[in-house]
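>>> no sequence for this one, just the structure:
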């Protein structure tokens, strides 16, 4: 899961962004002390920065923000409550400037677009890594380069979390995995322990709806009552 750093004092904003970003395989680390931003980003290997100017104004933190821009090749999105600094922000090389009220899903979409552009730029600058082979079972193909799954050449629309869950089940087949093992392997340590069983079950249900011919009688993602789930079936590894 890719980390993103949010610098704000607004709890509601942190919660809303955390929920929206988490569903797309990003975890938001909220920082309310600007002096800790650099260490948090380094520790978490952050993939982007969201800076709330209403909490930490540009006139007080301009030098710090310019240093972040100079030192980091990653998306930096500025959150503000008026457009008056837009020209200054863009001239400084920041990637986006968003005016309140902020919609979590719009911010997610803006961030994903910038993140993808930086990923593409990084790939063109660095030696090309070996392609990861595709996986195929029945008429489902998992393209691990595009990080998408297709059925009869139609995109199944799996979320990053659903695809990660499916790959984890396949790669550990025929082992039966408990909910705790799935949480650790797919979600890492970024989950609420009070919602563990429900979260796994919901994602399994959505996954079955998308890949199984009959989700009520699944052929591939089987339940072992009282324990967990496992993948059943043969799969092929194919070079893309």
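Received it, and whenever you're ready, just let me know what you need. Note that the coordinates shown come from a computational prediction; the quantities given were computed from them, not determined experimentally.

>>> what's the neighbour count on residue 54?
By the criterion of other CB atoms under 10 Å, residue 54 has 15 neighbours. Using the backbone N, CA and C atoms, a C-beta is placed for each residue, glycine as well.

>>> excluding its backbone neighbours, what's nearest it?
In space, not counting the residues next to it along the chain, residue 54 is nearest to residue 81; the distance is 5.3 Å by CB to CB, 6 or more residues apart in numbering.

>>> what sits against the one you found?
When the contact criterion is CB atoms under 8 Å, 6 or more residues apart in numbering, the partners of residue 81 are 53-54, 99-100.

>>> one more: residue 85?
For residue 85, the set of contacting residues under the criterion of CB under 8 Å, 6+ apart consists of 53, 58, 78, 97.

>>> for the most centrally placed residue in the chain, which non-adjacent residue is spatially closest?
If you average the C-alpha coordinates of the chain and look for the closest C-alpha using CA atoms, centre = their mean, you land on residue 25, 2.1 Å from that point. When the adjacent residues along the chain are set aside, residue 25 lies closest to residue 160, with 3.6 Å between them (CB to CB, 6+ apart).

>>> what do you get for residue 1?
Sequence neighbours aside, residue 27 is the residue nearest to residue 1 in space, at 5.0 Å (criterion: CB to CB, 6+ apart).

>>> make sure I have this right: that neighbour is in a helix.
No - looking at residue 27 with DSSP: H, G, I helix; E, B strand; the rest coil, it is strand, so not inside a helix.

>>> distance of it relative to residue 5?
Here residue 27 is placed at a distance of 10 Å from residue 5 (CB to CB, to the nearest Å).

>>> tally of neighbours for the residue nearest to residue 1?
Residues lying near residue 27 (other CB under 10 Å) number 18.

>>> ok, it to residue 188 distance?
Computed with CB to CB, the distance linking residue 27 and residue 188 is 8 Å.

>>> count residues in the vicinity of residue 219, would you?
If you count neighbours by other CB under 10 Å, residue 219 ends up with 15.

>>> likewise for residue 182?
By the measure other CB under 10 Å, the count of residues near residue 182 is 21.

>>> isn't it up against residue 227?
No - at 11.1 Å, residue 182 does not count as touching residue 227 under the criterion of CB atoms under 8 Å.

>>> now do the shared contacts for the two.
A shared contact of residue 182 and residue 227, defined by CB under 8 Å, 6+ apart, is any residue touching both; here there are none.

>>> report the distance from the lengthiest helix in the chain to the chain centre.
Once the chain is assigned using DSSP state H, the helix that runs over the most residues is helix 104-125. Counting by CA atoms, centre = their mean, to the nearest Å, helix 104-125 is centred 11 Å from the centre of its parent chain.

>>> then stretch 10-29?
Centroid displacement of stretch 10-29 relative to its chain, using CA atoms, centre = their mean, is 10 Å.

>>> same deal with stretch 66-76?
For stretch 66-76 - counting by CA atoms, centre = their mean - the centre lies 20 Å from the chain centre.
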